[in-house]
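[1] no sequence for this one, just the structure:
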């Protein structure tokens, strides 16, 4: 049982005390000593009733007798500490004897103080007041900490959301400019498009800096340790930063002594991030002269490898005051530097955090107007030999393209620009694609069609990608369906959430074409026909050969005649309009426009099974390589009549369908 003394004033103004003692006289003594105007006293006659009370009622201090039947005071105190909400509640042990064992047992069980009976009233009130005040301060700190954690979480959610919103249009900018650079451009046009592509990637770097900084603040940035070739790591730095330096006329050099082990165990991506940031800054702030990157071995003992890196430039240099502001959040050398050179001001603070995670240090030596040298150290262990070279990567990409050829992919994406980018990028491999604008459309397409995999955006109208994935995985028919997440939310939590829902892999936006090809190809389970020369499958000039393999169209839509009719009629409409555009371009002698139109039409033709027509379009697309106008015109003479045959075949097939209607 438990009870409360009669209140003297409102309870929120008084300290709330729970007295736990099996002797009623002891509880009464405490109640008598304490002024009801200052204390609200609650009583419990045993440990079980005290624990039940604490589950429902807040108190400031517990006075807990040591010797009680059933549960003694030490056991009760341990149970209090096992409860998350009561971990910091002050507990004062009441004991009849002041012996060392009781004190030690009390502290070990979680007591914050002890009081020997019989106690002096003033001592009791002094200890209670001190304990209650500490408790209230702890509660205020806990509230403040939770508020800070909530604010940090809100900030992380805001950054993740803004990252996704920014990455969506950036995906279109980077993707479309990449596709545009694959076409015939004059020197001025190529210069403009390359600068657009470079500017978009620079903006992406800033977004990544902000996200990395957010992860660092949240303590969620972790190193991924694996074996890597350090010379390949430096090769990537040279290809990225060395190119920028040579464009400015700045000498760029990387020096690696022979004694540095080739293969190390550590985080190659984060090491490269540090080097690219430091070397990139050096090139940015150097108008003439050189940027020299060197590496030396600080320690090579057994399995331990400690390396020292330096990046030396002949640029603008730094004053003492500017050096003091470096490695701090959102700081550059000064405002004038930020206005002239740009940047997030986060690069160096991220470098410092990464270096410290690698058990190293980072510092700078500089003189204003005389250049700077940035140093950092990092600890690794010796790694195993790995095969990593450009030839291998090129081979992997070639194999990926072969695997993706004729693969049926459902693209679930609501943004029209992203739809265009992804469809055209996959069209370059010969993959067959269908677009769904939201999750509901995706489910309808899967029910009606046949696909090898789904490329799923996570942020969608009507039904988002996460809910769509849940519903797909509930259907046993799609248990083996490969679902690849595609999102601008790129935090580790986002990745884990996607994978936990049953997605097989994760492609971040903006999309890196080569990374997308390699990721998708990894999940192609039936690469039969991949790499086959489809152009040889149909004699496009043969009069007797059916121009469309209708089985492919029916197979794509699981014999759903409504969708077959809908897609067939749509192809006829689009193809005729495109051929009209080809005739206009032919009249204008515009070969690049013809190449683009051929590229535009070939993917749709493959999807419906018009393989020969698709090959003609692909051949037209490639005439620009040799500036072969005669070949282009010869192809155009074949394209128009073949499209007429395709239209007749599709119309005949469609009008055979009984009881279906065009929607």
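    Arrived safely. Computed from a predicted model, the values in this text were never measured in an experiment.
[2] so which residues make contact with the helix or strand where residue 409 lies?
    Assigned by DSSP states H and E, residue 409 belongs to strand 408-412. Contacting residues not belonging to strand 408-412 are listed as 419, 422-423, 426, 431-436, 438-439, 441-442, 445-446, 449-457, 460, 465, 468, 520, 556 [CB atoms under 8 Å, 6 or more residues apart in numbering]. From N, CA and C alone the C-beta is placed, and that goes for glycine too.
[3] narrow those to just the buried residues.
    Neighbour-count burial (16 or more other CB atoms under 10 Å) applied to the contacts of strand 408-412 gives 419, 422-423, 426, 431-436, 438-439, 441-442, 445-446, 449, 451-457, 460, 465, 468, 520, 556.
[4] just those residues: which are in strands?
    432-436, 453-457 (DSSP state E).
[5] any buried residues in the strand holding residue 409, and which?
    408-412.
[6] check the offset of that strand from the chain's centre.
    In terms of CA atoms, centre = their mean, to the nearest Å, the centre of strand 408-412 is set 21 Å apart from its chain centre.
[7] partner strands of that strand, parallel or antiparallel?
    Listed by DSSP bridges, the sheet partners of strand 408-412 and their directions read strand 432-436 (parallel), strand 453-457 (parallel).
[8] hmm, who's touching the first one?
    Contacts made with strand 432-436 from outside it, assessed by CB under 8 Å, 6+ apart, are listed as 406-413, 419, 422-423, 426-427, 442, 444-445, 449, 451, 556, 603, 606-607.
[9] distance of the nearest residue to residue 347 once chain neighbours are set aside from residue 229?
    If the residues on either side of it in the chain are set aside, residue 347 comes closest to residue 277, at 4.6 Å by CB to CB, 6 or more residues apart in numbering. From residue 277 across to residue 229, the span is 21 Å (CB to CB, to the nearest Å).
[10] these two: which is more packed in?
    Neighbour count, other CB atoms under 10 Å: between residue 277 and residue 229, residue 277 has more, with 22 against 19.
[11] right, and the more buried one touches residue 348 too?
    Yes: here residue 277 reaches residue 348: they are 7.3 Å apart, a contact under CB atoms under 8 Å.
[12] give me the number of residues near residue 587?
    Quick note: residue 587 (other CB under 10 Å) scores 8 neighbours.
[13] residue 352 now?
    The burial count for residue 352: 20, using other CB under 10 Å.
[14] for it, which non-adjacent residue is spatially closest?
    Nearest non-adjacent residue to residue 352, counting by CB to CB, 6+ apart: residue 327, 4.6 Å away.
[15] what residues are up against residue 455?
    409-413, 422, 484, 486, 507, 520.
[16] closest one to residue 197 out of those, please.
    Nearest to residue 197 among the contacts of residue 455 is residue 422, at 17.0 Å by CB to CB.
[17] so what pLDDT did the spatially closest residue to the closest one that is not a sequence neighbour get?
    In this structure, residue 422 finds its nearest non-sequential neighbour in residue 411, 5.4 Å apart by CB to CB, 6+ apart. Predicted confidence (pLDDT) for residue 411: 93.
[18] partners of residue 411 in the sheet?
    Applying DSSP bridges, one finds that residue 411 bridges with residue 435, residue 455.
[19] can you give me the distance of it to residue 402?
    20 Å.
[20] could you do residue 633 as well?
    Distance from residue 633 to residue 402, by CB to CB: 31 Å.
[21] and residue 124, by the same measure?
    For residue 124, the distance to residue 402 - CB to CB - is 84 Å.
[22] so where do the helices sit in the stretch 51-200 of the chain?
    Shown for the stretch 51-200 of the chain, the helices assigned by DSSP state H, counting those that start in this stretch span residues 73-82, 100-109, 121-181, 187-218.
[23] redo those as CSV? Include distance to residue 283, mean pLDDT and mean neighbour count.
    Below are those laid out as CSV (distance: least, CB to CB, whole Å; pLDDT from 0 to 100; neighbours: other CB atoms under 10 Å):
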stretch, distance to residue 283, mean pLDDT, mean neighbour count
helix 73-82, 57, 90, 19
helix 100-109, 61, 78, 15
helix 121-181, 22, 74, 15
helix 187-218, 13, 73, 16
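[24] dump the ones you listed into JSON lines; add distance to residue 318 as well.
    Shown next, in JSON lines, are those (distance: least, CB to CB, whole Å):
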{"stretch": "helix 73-82", "distance to residue 318": "53"}
{"stretch": "helix 100-109", "distance to residue 318": "54"}
{"stretch": "helix 121-181", "distance to residue 318": "30"}
{"stretch": "helix 187-218", "distance to residue 318": "20"}
